[in-house]
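Participant: from the sequence below, what's the structure:
(one chain, ligands or ions: 2)
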Amino acid sequence: MDGASVSVRGLGKRYGAVRAVKGLGIEVCSGEFLSLLGPSGSGKTTLLMMIAGFEMPTEGAIRIGDRDVTYVAPNRRNIGMVFQRYALFPHMTVADNVAFPLRMRKVVKAEIARRVADALALVQLQDFGKRLPSELSGGQQQRVAVARALVFEPPVLLMDEPLGALDKKLREQMQIEIKHLQRRLGVTVIYVTHDQEEALTMSDRIAVMRNGSLEQIGSPIALYDNPATPFVADFVGKTNFLEAVCHSCNGTGLEFGLGQSGFIHLKECPPTLPSPPRPGDKMRLAVRPEQIRILRPGDSDRPPLNGVVEAVIFVGSFRTFLVRLAGGELIHVQAGTDHGMAYPQEGERVGLTIPSQAVQVFPDRRQ
Ligand SMILES: Nc1ncnc2c1ncn2[C@@H]1O[C@H](COP(=O)(O)OP(=O)(O)O)[C@@H](O)[C@H]1O
Ligand SMILES: [Mg+2]
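Facilitator: Ligands and ions are numbered 1, 2, ... in the order given. Just a heads-up that it's a prediction; the model follows:
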């Protein structure tokens, strides 16, 4: 099985006055795992349904490989689909469910038996063919849905929140299984999720959607380290936002004031900003919780930020400290669990330092 590229250009969909998808352009490479990530209502399902052919676009074009499929019927697009709810036929055995797309395509009987066995083996359910869906666990049912979507060897597989109904542990296990399967088969996957951890775990690239538009597309690391907008910084991973005023910007770097809370110094102007900030400019800074270091009294003469530990949350592999700055901002700091270390306690005064390269700077446009 080989993947096919998928390209959407200027793609839009209106439902009456609602613009569910707005002039979207995305190029998915052959064999790529692309996630569509965004909050509920951002247009993910609508986009997927248009690619599958179940919704007609109001504008724009869709190509699969070198074929324009914008007006091609769904069953002629050669796309596999898996939905959040398993949508297995409850009265059919597992084997018959998986055989269904082959029967629709009038594949001969002996060939069907062979391909169904292969597809069930692929999802490690070779001994379950005779059962009914109701005799399987949720995870097993979802694997049957994956087998059914792959049995006709489509070059493109679309998945709409396929693990949404499963509990966390099973979901994480299935994420890895689906990812392995996709790698092995080389199939192109477009995967819808509103779960940023899932998108970070599975994807070659992530397309972040917001209000029917593409906010940013890139590798998980690129989105995490260099979010283009505060929305992406907030939606992918956890982040702290700080309102700041530029104090100075010169050869020795940039200094931002945070009112009573202190200051943040950057060694150089962030390359993502369209122009260097000028003194007096209001900016929005974003800092990941794991990038901040906590200093205890005596560690430094003049820590840039000072605050009081308001809460310490133990999460097993790490701790989250909620630190209230003098100006009132509540900062999340995450530190790995190191059993030799004495951690600050609730109520303790601490300093915070943030490495220069860990600070994302955005113009202070409310968004
Ligand atoms: N059949 C429909 N009729 C009217 N509005 C719809 C329909 N389907 C989706 N929408 C609207 O389009 C927007 C995008 O929905 P959807 O694609 O389902 O988002 P997501 O999958 O990201 O949650 C939402 O505002 C939703 O209410
Ligand atoms: Mg949806």
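Participant: what parts of the protein come near ligand 1?
Facilitator: Contacts of the chain with ligand 1, taken as CB under 6 Å from any ligand atom, map to 15, 18, 20, 38, 40, 41, 42, 43, 44, 45, 46. Glycine gets a C-beta too; all of them are placed from N, C-alpha and C.
Participant: can you select the buried ones among the residues you listed for me in PyMOL?
Facilitator: The buried subset of the residues of the chain next to ligand 1, as determined by 16 or more other CB atoms under 10 Å, is captured in PyMOL by this line:
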select buried, resi 20+38+42+43+44+45+46
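Participant: so which two of the residues of the chain next to ligand 1 are the farthest from each other?
Facilitator: Maximum pairwise distance among these (CB to CB): 17.3 Å, between 15 and 38.
Participant: with distance to residue 309, secondary structure and pLDDT added, can I get the residues of the chain next to ligand 1 in TSV?
Facilitator: Shown next, in TSV, are those (distance: CB to CB, whole Å; DSSP: H, G, I helix; E, B strand; the rest coil; pLDDT from 0 to 100):
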residue	distance to residue 309	secondary structure	pLDDT
15	49	strand	96
18	46	strand	95
20	45	strand	97
38	34	coil	96
40	35	coil	94
41	37	coil	96
42	36	coil	97
43	41	coil	97
44	39	helix	97
45	43	helix	96
46	45	helix	97
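Participant: please, which helix or strand holds the closest residue to residue 244 other than its chain neighbours?
Facilitator: Spatial nearest neighbour of residue 244, excluding adjacent residues (CB to CB, 6 or more residues apart in numbering): residue 256 at 3.9 Å. Per DSSP states H and E: residue 256 is located in strand 253-257.
Participant: again, but for residue 310
Facilitator: Using DSSP H and E, residue 310 falls in strand 305-314.
Participant: check which helices and strands that strand sits against.
Facilitator: If you count contacts as 3 or more CB pairs under 8 Å, 6 or more residues apart in numbering; DSSP states H and E, strand 305-314 packs onto strand 318-325, strand 330-336, strand 349-353.
Participant: reformat the ones you listed as TSV; add mean pLDDT.
Facilitator: Formatted as TSV, the helices and strands packed on strand 305-314 follow (pLDDT from 0 to 100):
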stretch	mean pLDDT
strand 318-325	93
strand 330-336	92
strand 349-353	91
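Participant: tabulate the ones you listed (CSV), appending mean neighbour count and distance to residue 307.
Facilitator: Listed next are those as CSV, based on neighbours: other CB atoms under 10 Å; distance: least, CB to CB, whole Å:
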stretch, mean neighbour count, distance to residue 307
strand 318-325, 19, 4
strand 330-336, 17, 7
strand 349-353, 19, 6
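Participant: ok, longest helix in the protein?
Facilitator: Criterion DSSP state H: the longest helix present in the chain is helix 168-185.
Participant: what is the neighbour count of the residue nearest to residue 244?
Facilitator: Residues lying near residue 256 (other CB atoms under 10 Å) number 25.
Participant: neighbouring contacts of stretch 166-180?
Facilitator: Under the criterion CB atoms under 8 Å, 6 or more residues apart in numbering, residues 33, 123, 138-139, 142-143, 146, 159, 162-163, 189, 198, 201-202 lie in contact with stretch 166-180.
Participant: next: stretch 310-326.
Facilitator: Residues outside stretch 310-326 that contact it (CB under 8 Å, 6+ apart) are 258, 260-262, 289-290, 294, 305-309, 330-337, 343-346, 350, 352.
Participant: next: stretch 11-22.
Facilitator: With CB under 8 Å, 6+ apart, stretch 11-22 has contacts from 23-25, 43, 46-47, 50, 55, 57-62, 211-213.
Participant: with stretch 25-35 instead?
Facilitator: Taking contacts as CB under 8 Å, 6+ apart, the residues outside stretch 25-35 that touch it are 2-11, 65, 155, 179, 182, 186-193, 198-199, 202-207, 214, 217.
Participant: alpha carbons of that stretch, in PDB - could you do that?
Facilitator: The C-alpha trace of stretch 25-35 is given here as PDB (Å, rounded to 0.1, in the frame of the first residue of the first chain):
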ATOM      1  CA  GLY A  25      -5.100  25.700   1.700                       C
ATOM      2  CA  ILE A  26      -3.200  22.600   2.900                       C
ATOM      3  CA  GLU A  27      -0.800  20.300   1.100                       C
ATOM      4  CA  VAL A  28      -0.500  16.900   2.700                       C
ATOM      5  CA  CYS A  29       2.400  14.800   1.400                       C
ATOM      6  CA  SER A  30       2.100  11.200   0.400                       C
ATOM      7  CA  GLY A  31       2.600   8.900   3.400                       C
ATOM      8  CA  GLU A  32       2.300  11.800   5.800                       C
ATOM      9  CA  PHE A  33       0.500  11.800   9.200                       C
ATOM     10  CA  LEU A  34      -1.200  15.200   9.400                       C
ATOM     11  CA  SER A  35      -3.500  16.100  12.400                       C
END
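Participant: roughly how far is that stretch from the heart of the chain?
Facilitator: 14 Å (CA atoms, centre = their mean, to the nearest Å).
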